[in-house]
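*Asks:* my questions are about this predicted structure, shown below with the sequence.
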Amino acid sequence: MDSTIAILSEDQYDLVYNVLSFGVAVMLGAFVYFLTQMSSVNKEYRPAVAASAVVVGIAGYHYLRIWQDFGEGTMNEGYRYADWLITVPLLIVELLIVLGVSSDQRKKLMTTLIPASVLMLGLGYPGEIADSNGTKWTFWILAIIPFLYILYTLYGQLQAAAARETPAVSAAIKNATMVLLITWLVYPIAYLFPIFDDTSGGLETLRQVGYTVADITSKGLYGLMVLGIAKARSGSSSPV
């Protein structure tokens, strides 16, 4: 049995197993839902809804693999990072689309934000799987630099968009801002739990549940909020 799973009690194991199963169901259900909603928004915002569908579809596949392996006594964190490596850039792209950022500005932001997201995840993975706390801390510090840059840049774009929109769109954007900031802060905190105590089944359970709930929120719920912004921006005009 994987050492990560070995420290869990029977009740903790069952909790993580069930939460992972819930993650599979939510992601795959959201995938189908987003596909059905593409025609409900104007043409220019459909790529954002399509990106939401792709994000939860990819996440659903990886959660299925994590859940199956966990049931066989293995926790492969590589699946999470493979998922994040694909979905985090897509989350950035879908947000920039619905914020109404000009094409030139969007391309400029993507040339900095997407490499920053890849760098963040590339630096985070070695620390995630390292046995040494010193190594974990080193890569956490290195990964947090692009992480903070991404949050700072997206927060600025969200605030700028909220200021220039109608009240309905502005409220939807502000809600998305809160989801983005609060949810993404879960990841670097949960990352550190093994440093505090790598023999605590309680902390490991909290870490796995935290990652899963954060993924559900930042992909499923966030996708719903992006859809809401797209619908609000579409207004009363008929989607074409």
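*Replies:* Happy to help now that I have it.
*Asks:* leaving out sequence neighbours, find the closest residue to Met44.
*Replies:* For residue 44 the amino acid is Glu, not Met. Distance criterion Cβ to Cβ, 6 or more residues apart in numbering; nearest residue to Glu44, sequence neighbours excluded, is Ile97 at 7.8 Å. C-beta: built from backbone N, CA, C; applies to glycine.
*Asks:* can you give me the buried ones in stretch 129-142?
*Replies:* 136, 139-140, 142 (16 or more other Cβ atoms under 10 Å).
*Asks:* centre of the chain versus it, how much separation?
*Replies:* The chain centroid and the centroid of stretch 129-142 are separated by 22 Å under Cα atoms, centre = their mean, to the nearest Å.
*Asks:* I'd assumed Ala232 was in contact with Val169.
*Replies:* Yes - counting by Cβ atoms under 8 Å, Val169 does reach Ala232; the two are 4.5 Å apart.
*Asks:* ok, these two, which is more surrounded?
*Replies:* More crowded of Val169 and Ala232, by other Cβ atoms under 10 Å: Val169, with 23 against 20.
*Asks:* check contacts around that one.
*Replies:* Taking Cβ atoms under 8 Å, 6 or more residues apart in numbering, we find Val169 in contact with 162, 229, 232-233.
*Asks:* go again using 7 Å as the cut-off
*Replies:* Contacts here follow Cβ atoms under 7 Å, 6 or more residues apart in numbering; on that basis Val169 touches 229, 232-233.
*Asks:* list the ones among those residues that fall in helices.
*Replies:* Counting by DSSP state H, those place 229, 232-233 in helices.
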